[in-house]
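> mind looking at a prediction? Sequence and model below.
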Amino acid sequence: FGSSHFGSQARRAARAAPSQLMSAGRLRRPSWPYHAGSSASKWRPQRSCCAGLACLVLAAAAGCLLRTGGSLSRRDGGGGRGIAHPILQPQFEQFSTATADGGSNSSGLGGGGGDGKGAAHMPVDRLRNWQKVASTAAQDASQLMEEDLSVLEAEALLAKALRKLEAPGRGSRAAVAAEKLRKETIFAEVVRQVGLYDSASANLAPADFMPCWKGDDAEMYIRSPPGATWFEYRLVANIDASLRHCLVPLHERDLIQSYQPIFVEPHTDLTPPRRHHAVVRTLSRVMSLYIETIFELTRVPNDSYGFLVEVARSDFPIVASQAASAAARVPKRKWWSRRVSVDTKNLWLPRGGGEIGTVLVSVARVQVGVSIPDSALKFIAHGLSKSLLANVRKGSKLAAARGSPWYERLERDADGFYAELASVEAAAANRRSLSVSSLPGPEVFDRPWKLTE
């Protein structure tokens, strides 16, 4: 063995492995015969068959360590416990992280006794800090929601963390961390906002709506069960304006009175407004009656298919830290005014396919308080939808007019909302064009990472 090429390689590995491990105090002096060289740090095996065999054993052990990043093991209380080496430790950390991310390890050296398990065979559940995985996901999701209410991004982040924690064979520690993540306040808030986003998919698959009127570029439907004190309307309309021009008048709420005189005062933000979220109060006058509304406004852009979801609801929770400031901004309701609830879902779809225009699919529930005959219901819904459509088209024209305050706000783009809408329109340009009579199905809401089914 000593004179062969393989023996030479074995001797070189044998010289390196014991000196490195011995210098760190990880290995005892071997029991087989060795010659001491000129320095205490050099070890040379005797040139004999027995020594050559020992070289092969050491070389194989060193090769396994370097290939797998594992560690030698010793007996400790009947079970194998890995003995880390300072040179090999970084490789072991990389190995354990890669294994915890979705692989299983079957290589490395076994322990010297007991159950025979070395560090390389340690269960993934013990190699990874699963509580850290859960807490980091919750913190990152909180940041996404607090900064800009990035609903889909926060959902994907949490869903990926759960996929790691709940993968088959993870163990009890990962299961505990997953359960803790599901109980986090931010997890519940993301699920709530995702539910609002997904609820708009019903706009594309209506049920039990009856046609109220139809035109070349718009259609109106209504629904009211017998004896109900509410009704829903569904408006599908084509607007010859870009998505940005349609949203500018709705986003710049302080200018609302300039083109909708029905409102007696500018809309009030009850919480600090963001481009995707606001809590809004409005006050309008219909003949001699004053109507007050308070609602949460949520916007979620989809830059995959290319559309924007906008949900306004009066039934919503207020974050505890914002409750006091919101209550201070709400004036006491006057005896001659009435506060009504809002439940509206708007789906804004750029026409796409290289064409200019936007298709609006709006579904809203109106609480009346009393049962309404069918004849009166159609009259009310017809007037309401015509007024809504006229205001949207009027506002989009104002936003496109150079020199108007809406055009100036669009050019300034203080919060980046209009640049984001331009990205949505760019995504829509890569798909087929849409129209009032040619809408997509609810499948456009599908996505690879979801928290709810």
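Thanks, I have it. Numbering: from 1, shown residues only.

> okay, now the unreliable bits of the stretch 1-150 of the chain?
Counting by pLDDT under 70, the stretch 1-150 of the chain contains low-confidence ranges at 1-127.

> ok, now with 90
Along the stretch 1-150 of the chain, the model assigns pLDDT under 90 to residues 1-128, 148.

> same thing with the stretch 201-350 of the chain?
Low-confidence segments of the stretch 201-350 of the chain (pLDDT under 90): 206-208, 210-216, 224-231, 258-262, 271-272, 285-291, 316-341.

> could you pull out the strands for it?
Taking DSSP state E, counting those that start in this stretch to define them, one finds strands in the stretch 201-350 of the chain at 210-214, 218-223, 230-239, 268-269, 277-286, 289-302, 307-313, 337-339, 343-352.

> save these as a markdown table, and put in distance to residue 409 and mean neighbour count too.
(Each C-beta comes from the backbone N, C-alpha and C, glycine too.) Formatted as a markdown table, the strands of the stretch 201-350 of the chain follow (distance: least, C-beta to C-beta, whole Å; neighbours: other C-beta atoms under 10 Å):
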| stretch | distance to residue 409 | mean neighbour count |
| --- | --- | --- |
| strand 210-214 | 34 | 13 |
| strand 218-223 | 27 | 20 |
| strand 230-239 | 19 | 21 |
| strand 268-269 | 16 | 16 |
| strand 277-286 | 16 | 17 |
| strand 289-302 | 16 | 19 |
| strand 307-313 | 18 | 22 |
| strand 337-339 | 29 | 14 |
| strand 343-352 | 18 | 23 |
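
> tilt between the longest helix seen in the chain and strand 210-214?
Secondary structure assigned by DSSP state H gives helix 374-400 as the longest helix of the chain. Inter-element angle recorded for helix 374-400 and strand 210-214: 50 degrees (by axes from the mean of the first three to the mean of the last three C-alpha atoms, to 10 degrees).

> tell me the helix or strand right after helix 374-400.
The helix or strand immediately downstream of helix 374-400 is helix 405-412, counting by DSSP states H and E.

> please save the CA atoms from that next one in PDB.
Coordinates of each C-alpha in helix 405-412 appear next as PDB, following Å, rounded to 0.1, in the frame of the first residue of the first chain:
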ATOM      1  CA  PRO A 405     -56.200  69.900 -10.600                       C
ATOM      2  CA  TRP A 406     -56.700  66.200 -11.200                       C
ATOM      3  CA  TYR A 407     -54.200  66.200 -14.100                       C
ATOM      4  CA  GLU A 408     -51.700  68.000 -12.000                       C
ATOM      5  CA  ARG A 409     -52.100  65.400  -9.200                       C
ATOM      6  CA  LEU A 410     -51.700  62.600 -11.700                       C
ATOM      7  CA  GLU A 411     -48.400  64.100 -12.900                       C
ATOM      8  CA  ARG A 412     -47.200  64.700  -9.400                       C
END
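
> give me the buried positions along it.
Of the residues in helix 405-412, those with enough neighbours to count as buried (16 or more other C-beta atoms under 10 Å) are 406, 407, 409, 410.

> before we move on, what about stretch 243-262?
For stretch 243-262, burial by neighbour count (16+ other C-beta under 10 Å) applies to 243-253, 255-256, 258.

> is residue 334 in contact with residue 289, as I believe?
No - using C-beta atoms under 8 Å, residue 334 makes no contact with residue 289, being 11.2 Å away.
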